[in-house]
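A.B. asks: Could you look at this predicted model? Sequence included:
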Amino acid sequence: MKYKLTLAAALLSATMFAGAASAKTFVYCSEGSPEGFDPGIYTAGTTFDASAHPIYNRLLEFKPGTTQPEAALAQSWEISADGTVYTFKLRPNVKFQTTDFFKPTRNLTADDVVFSIGRQVDEKNAWNKYISGASWEYAEGMGFPKLIKSVEKVDDLTVKMTLNRPEAPFLANLAMPFASILSKEYADSLEKAGKKEQLNQQPVGTGPFTFVGYQQDAVIRYTKNKDFWGTAPKIDDLVFAITTDAAVRYQKLKANECQLMPYPNAADVKSMKSDSNLKVLEQEGLNIAYLAYNTTQAPFDKLEVRQALNKAINKKAIVDAVFQGMATPAVNPIPPTMWSYNKDTKDDTYDLEASKKMLADAGVKNLSMKVWAMPVSRPYMLNARRAAEIIQDDFAKVGVKVEIVSYEWAEYLNRSKAKDRDGAAIMGWTGDNGDPDNFLDTLLGCDAVGGNNRAQWCNKEFDALVKKAKTVSDVGERTKLYEQAQVIFKKEAPWATIDHSLAVVPMRKGVTGFTQSPLGDFTFEAVDIAE
């Protein structure tokens, strides 16, 4: 650990470019390493913070601090009367970033949009499997390959997307990080050079910051995009200092080695608030933490077993130990701050004797299982290892032996979605667009099995409800469908719902311009810091 910190410090000092003594550098102590820099093939917020938000833009983006999509690369759009044809007018004169490894010769055109979206929905596209193991987890989990009939260039600044059916959250979905727009010209140059994999290693976009370099698991460097089409960033250089330990992040923040950090230890928040050099933002998180059983593997394929295990979990103990009052036990798979939340749902009761009896009645004896614990802090689960230890103790009380396992974050995400994964995995989600579909279909729909649906749970009745809700524009009707879906989820118990947490963001007192996102994003295009 000491070596890594020393290395990181050396790399940080290297960001002070020669002759740039007056440059303003902002350091963000990020919680983990990105899986890569192509947002289309990932779902983790850590990866999106390092790629989608600083480097790229989307056709629409969420207005800061809200879940309301607004114009970005598309300056306007029209929707056909039947809700199946979307025509986007692109913003003119948008330039791609110039880097040491690529110099663009043209501005953004419809070709770039067709390339960026088309590769995700057409398995015959030459870029659909451009790196080993690539899967368009978000696009596939949301049913985009079945939804999108075509993506067409009308002219250089006009794109037409035709859907096979109406899709109520479609515009919000296009504002999500996975729908970032990449340079087709850059992709073509890499393909010609036989270096397609570099699209995920050396990114080029239209966003506020240009990628400079990445030292694995230590530092990511960016510089201000001088050709950015929007309001120019106030800082010159942006540095992600990758610091997986929350306590170390806090020490760096106090020492002013970084100016903002995510996901503090709950025990540290009180002292952060009393430190005159710091300020702390907080708001209700649009999130859920859960334990996903693999419902295709025995004995978790038995409803009675899942229900029994849920009764053995003391969620209040997890919330108290991990969050110290900054979270609430979760009942439904969507947070209570989201529209269509079913307030009538009854939670699993904590009842060890009932759990023992249900396991015995299901013929389960001497069960040994694995509980997967994520290795990084997330807003919905600050310390998965501690949560897993509490679950381990709880399950032991009903005769179930638990082995806790973990992997490096990217590997954890990849392995946990395998259809033959053993045991149950602690996972979580922060909403990406403010729509219930982003939880219920994205995490639990049949299309997401083998991807975001870590429970591998495909319930036809549930799936039909959430699929129908997407085709309906009336919010009241959609609400009724989602409420019914939540009842089915709770009865079938593919997850043990754990908590909804408060989102807390500490920073140096001199930081201005940072807007806390209800979607859990960390973006820095408007950030400034006092000299």
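C.D. replies: Okay, I see it. Computed from a predicted model, the values in this text were never measured in an experiment. Numbering: from 1, shown residues only.

A.B. asks: tell me the contacts of Pro506?
C.D. replies: 250, 253, 260-261, 264, 269, 272, 278-281 (Cβ atoms under 8 Å, 6 or more residues apart in numbering). Bear in mind the C-beta positions are built from the backbone N, C-alpha and C, glycine included.

A.B. asks: Next, it: phi, psi?
C.D. replies: Dihedral pair for Pro506: phi -90, psi 150, per degrees, to the nearest 10.

A.B. asks: in the longest helix belonging to the chain, what's buried?
C.D. replies: If you go by DSSP state H, the chain has its longest helix at helix 475-492. In terms of neighbour count (16 or more other Cβ atoms under 10 Å), helix 475-492 has its buried residues at 478-479, 481-487, 489-490, 492.

A.B. asks: try stretch 104-117
C.D. replies: By neighbour count with 16+ other Cβ under 10 Å, stretch 104-117 contains the buried residues 104, 107-117.

A.B. asks: And the residues you listed, which two are furthest apart?
C.D. replies: Spatial extent of those (Cβ to Cβ) is set by the pair Pro104 and Ile117 at 19.7 Å.

A.B. asks: What are the phi and psi values at Asp49?
C.D. replies: In terms of degrees, to the nearest 10, the main-chain angles of Asp49 are phi -60, psi -30.

A.B. asks: neighbours around it, how many?
C.D. replies: 24 (other Cβ atoms under 10 Å).

A.B. asks: Would you confirm that it contacts Asp521?
C.D. replies: Yes. Using Cβ atoms under 8 Å, Asp49 is in contact with Asp521, at 6.6 Å.

A.B. asks: and the next element down the chain from the helix or strand of the chain with the lowest mean pLDDT?
C.D. replies: None of the helices or strands of the chain scores lower by mean pLDDT, DSSP states H and E than helix 2-13, at a mean of 43. Using DSSP states H and E, the next helix or strand after helix 2-13 towards the C-terminus is strand 25-28.

A.B. asks: can you give me the offset of that next one from its chain's centre?
C.D. replies: Per Cα atoms, centre = their mean, to the nearest Å, the displacement of strand 25-28 from the mean C-alpha position of its chain is 22 Å.

A.B. asks: Not counting that strand itself, show me its contacts.
C.D. replies: With contact meaning Cβ under 8 Å, 6+ apart, strand 25-28 is reached by 12, 15-16, 235-241, 257-261, 522, 524, 527, 529.

A.B. asks: ok, now stretch 440-454?
C.D. replies: In contact with stretch 440-454 (Cβ under 8 Å, 6+ apart) are residues 43, 135, 137-138, 140-143, 146, 292, 294, 333-334, 416-419, 421, 425, 427, 429, 455-460, 462-463, 466-467, 469-470, 482, 485-486, 489, 494.

A.B. asks: before we move on, the earlier item: give the PyMOL command for selecting the buried subset of the contacts of strand 25-28.
C.D. replies: For the buried members of the contacts of strand 25-28, the matching PyMOL selection, counting by 16+ other Cβ under 10 Å, is:
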select buried, resi 12+15+235+237+238+239+240+241+257+258+259+260+261+522+524+527+529
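
A.B. asks: Show me what counts as buried in the helix or strand encompassing Lys192.
C.D. replies: Element membership of Lys192, judged by DSSP H and E, is helix 184-193. If you call a residue buried by 16+ other Cβ under 10 Å, then helix 184-193 has these buried ones: 184-187, 189-190.

A.B. asks: check contacts around Tyr350.
C.D. replies: Counting by Cβ under 8 Å, 6+ apart, Tyr350 has contacts 311-316.

A.B. asks: Out of these, flag the one nearest to Asn128.
C.D. replies: Taking Cβ to Cβ as the measure, Asn128 lies nearest Ile313 of the contacts of Tyr350, at 40.1 Å.

A.B. asks: ok, that closest one to Leu352 distance?
C.D. replies: Ile313 sits 10 Å away from Leu352, going by Cβ to Cβ, to the nearest Å.

A.B. asks: So for those two, which residue has more residues nearby?
C.D. replies: The residue with more neighbours, out of Ile313 and Leu352, is Ile313; 22 against 13, by other Cβ under 10 Å.

A.B. asks: Pop out the phi and psi values for the more buried one.
C.D. replies: phi -90, psi 120.

A.B. asks: Test my guess that Phe514 contacts Met507.
C.D. replies: Yes. Judged on Cβ under 8 Å, Phe514 makes contact with Met507 at a distance of 6.5 Å.

A.B. asks: shared neighbours of the two, which are they?
C.D. replies: 260, 281.

A.B. asks: rewinding a little: which of the contacts of stretch 440-454 fall within strands?
C.D. replies: 292, 425, 427, 429 (DSSP state E).

A.B. asks: tell me the pLDDT at the third one?
C.D. replies: In the prediction, the pLDDT value recorded for Met427 is 97.

A.B. asks: quick one: it from Gln307, how far?
C.D. replies: Look at Met427 and Gln307: by Cβ to Cβ, they are 19 Å apart.

A.B. asks: Neighbour count: these two, which is higher?
C.D. replies: Neighbours per residue (other Cβ under 10 Å) separate Met427 from Gln307, with Met427 holding more: 26 against 20.

A.B. asks: what helix or strand does Lys124 sit in?
C.D. replies: Lys124 belongs to no helix or strand, assigned by DSSP H and E.

A.B. asks: Show the pLDDT at it.
C.D. replies: pLDDT recorded at Lys124 is 92.

A.B. asks: Same check on Gly434?
C.D. replies: 89.

A.B. asks: And for it, the neighbour number?
C.D. replies: The local packing of Gly434 (other Cβ under 10 Å) involves 21 other residues.

A.B. asks: okay but it is in contact with Ala172, surely?
C.D. replies: Yes. When contacts are counted by Cβ under 8 Å, Gly434 is listed as touching Ala172 (6.7 Å).

A.B. asks: Run through the residues that contact the residue lying farthest from the centre of the chain.
C.D. replies: Here the chain reaches farthest from its C-alpha mean at Asp361, the gap being 39.1 Å by Cα atoms, centre = their mean. Contacts for Asp361 (Cβ under 8 Å, 6+ apart) come out as Glu304.

A.B. asks: So what does it look like in phi/psi?
C.D. replies: When quoted as degrees, to the nearest 10, the phi and psi of Asp361 stand at phi -60, psi -30.
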